[in-house]
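Student: what's the 3D shape of this:
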Amino acid sequence: MEATTVRLGLRENLSQFSLLVLVNAFVGAMVGLERSILPAIAEQEFQIAARTAILSFIVVFGIAKALTNYLAGRLSDRFGRKHVLVAGWLVAIPVPFVLMWAPHWNWIVAANALLGASQGLTWSTTVIMKIDLVGSKQRGLAMGLNEFAGYVAVAASALATGWMAAQFGLRPEPFYLGVGYVAIGSLLSALAVRETRHHVAHELRNHPLAAHTRELSQREIFRRTSLTDRNLSSVSQAGLVNNLNDGMAWGLFPLVFAAAGMSLAQIGVLAAIYPAVWGCAQIFTGALSDRIGRKGLIVWGMWLQAAGIAVTATTTNHVGFALGGVLLGIGTAMVYPTLLAAIGDVAHPSWRASAVGVYRLWRDLGYAVGALLAGIVADRFGTTTAVWLVATLTFLSGVIAAARMKETLARDNS
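Tutor: Numbering: from 1, shown residues only. Down below sits the predicted model:
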């Protein structure tokens, strides 16, 4: 594409943006395959009782996704976004087949290492490409649409696999869906998605600070995003704790629901409520952050997440669990696209993709930290104690963001 034809904006790039939204829906659906039934498979098919052992698949998933998130930013700058996206789908090809036929729990864990690596490459790249396309004015909306597609697909896939497990059994039928997800996602990425690095080059030429920006090393970008920049590091810690509680919800909530007497079909519905609310609400919260700013949504979103987890810890009935899921979903929707938009506000286009990679490294390490912490505490002190601990950590994360972070949207528009 010639530089003269490159334009930034959601409307100006609607066809490619919409295609990337669709691709990310299939990325999210791959995670939804496991959302409602994998803990039940661990208990019923492999007779694993320890919560730490059951949650091992999330630990491995989180570490693999975190590391490939970091690499995705660097690789997409070096080799191009599209190549990284297609590579991520290729990594996912064995996953549904292993989940169908694994003879031992360790095979499930290995499949989740592949799934995590695939998610890190594909989801990170769709985020980077959408930021490339829209420019600075609609980042919140762009991230809201991206995360909406991904997490509504997580919910729909979790609901579908829960229903299929109730009708046909835990394996292999629910994972047939995964074969279709991989086939469609990889074909769309390879044949229809176009490279977006030229949009970054166009933005750089017109950036007000382009002439005064020195090139940063990867070490400096990592240090800024993790520690020294108050906004970037506040965003990184909030992302980590957000996925810490998501890892706990993924691994422990189905067990909490089962202990309260919920059926497999009911567990599938309850497991779908939280990501469904999260996904749908992000359309509005992402756009809202473009109007009112990022900080308030991040702080209050973390606190609302804590309230939702607390409600789940204090109830034993279907209505209470559903209410907890709704509150957790709304809180996460306030936080998730806003954190990504804040990264785009602060990071210069020349190192933005790498900063997104560092942020997503910390964020998705939260899966591993949350699953490991929740599993250890649940085994030692009980599941309810583990859930309350995660609620407390989530509240404290909001306190840190409130005290340390400044509004990033004002900086971008000044």
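
Student: in what helix or strand does residue 305 lie?
Tutor: According to DSSP states H and E, residue 305 maps onto helix 295-314.

Student: hmm, residue 378 and residue 385 touching each other?
Tutor: Yes: using Cβ atoms under 8 Å, residue 385 is in contact with residue 378, at 7.4 Å. Heads up, the C-betas are built off the backbone N, CA and C, glycines and all.

Student: just to revisit the earlier point, so after the helix holding residue 305, what's the next helix or strand?
Tutor: helix 318-346.

Student: against residue 379, how distant is the nearest residue to residue 105 once chain neighbours are set aside?
Tutor: With Cβ to Cβ, 6 or more residues apart in numbering as the criterion, residue 105 has its nearest non-adjacent residue at 4.5 Å, and that residue is residue 46. Using Cβ to Cβ, to the nearest Å, we find residue 46 at a distance of 17 Å from residue 379.

Student: same question for residue 52.
Tutor: 5 Å.

Student: please apply the same query to residue 133.
Tutor: From residue 133 over to residue 379 (counting by Cβ to Cβ), the distance is 46 Å.

Student: who's more crowded, those two?
Tutor: residue 133 (24 against 17; other Cβ atoms under 10 Å).

Student: show me the contacts for that one.
Tutor: Counting by Cβ atoms under 8 Å, 6 or more residues apart in numbering, residue 133 touches 8-10, 13, 16-17, 20, 142, 196, 199.

Student: got it, and residue 122?
Tutor: 23-24, 27, 85, 88-89, 92, 185, 189.

Student: in helices, which of those appear?
Tutor: Of the contacts of residue 122, the ones assigned to helices by DSSP state H are 23-24, 27, 85, 88-89, 92, 185, 189.

Student: check those residues and tell me the two furthest apart.
Tutor: Using Cβ to Cβ, the ones in helices among the contacts of residue 122 span at most 13.4 Å, a distance reached by 24 and 92.

Student: what number of residues lie near residue 392?
Tutor: Applying other Cβ under 10 Å, we find 12 residues neighbouring residue 392.

Student: so where is the stretch 151-300 of the chain shaky, pLDDT-wise?
Tutor: 203-214 (pLDDT under 70).

Student: and residue 6, how many residues sit next to it?
Tutor: Close neighbours of residue 6, defined as other Cβ under 10 Å, add up to 18.

Student: now the residue lying closest to it once chain neighbours are set aside: how far from residue 137?
Tutor: Nearest non-adjacent residue to residue 6, counting by Cβ to Cβ, 6+ apart: residue 202, 4.3 Å away. Going from residue 202 to residue 137 by Cβ to Cβ gives 15 Å.

Student: quick one: which of these two has more around it?
Tutor: Higher neighbour count among residue 202 and residue 137: residue 202, with 20 against 14, using other Cβ under 10 Å.

Student: doesn't residue 106 make contact with the residue nearest to residue 105?
Tutor: No: using Cβ under 8 Å, residue 46 is not in contact with residue 106, being 9.6 Å away.

Student: who has more neighbours, the two?
Tutor: Per other Cβ under 10 Å, whichever of residue 46 and residue 106 has more neighbours is residue 46, with 15 against 12.

Student: so for residue 132, what's the pLDDT?
Tutor: With respect to pLDDT, residue 132 scores 85.

Student: what does residue 319 give?
Tutor: 94.

Student: residues near it, how many?
Tutor: Residue 319 has 8 nearby residues by other Cβ under 10 Å.

Student: how far away is it from residue 326?
Tutor: For residue 319, the distance to residue 326 - Cβ to Cβ - is 11 Å.
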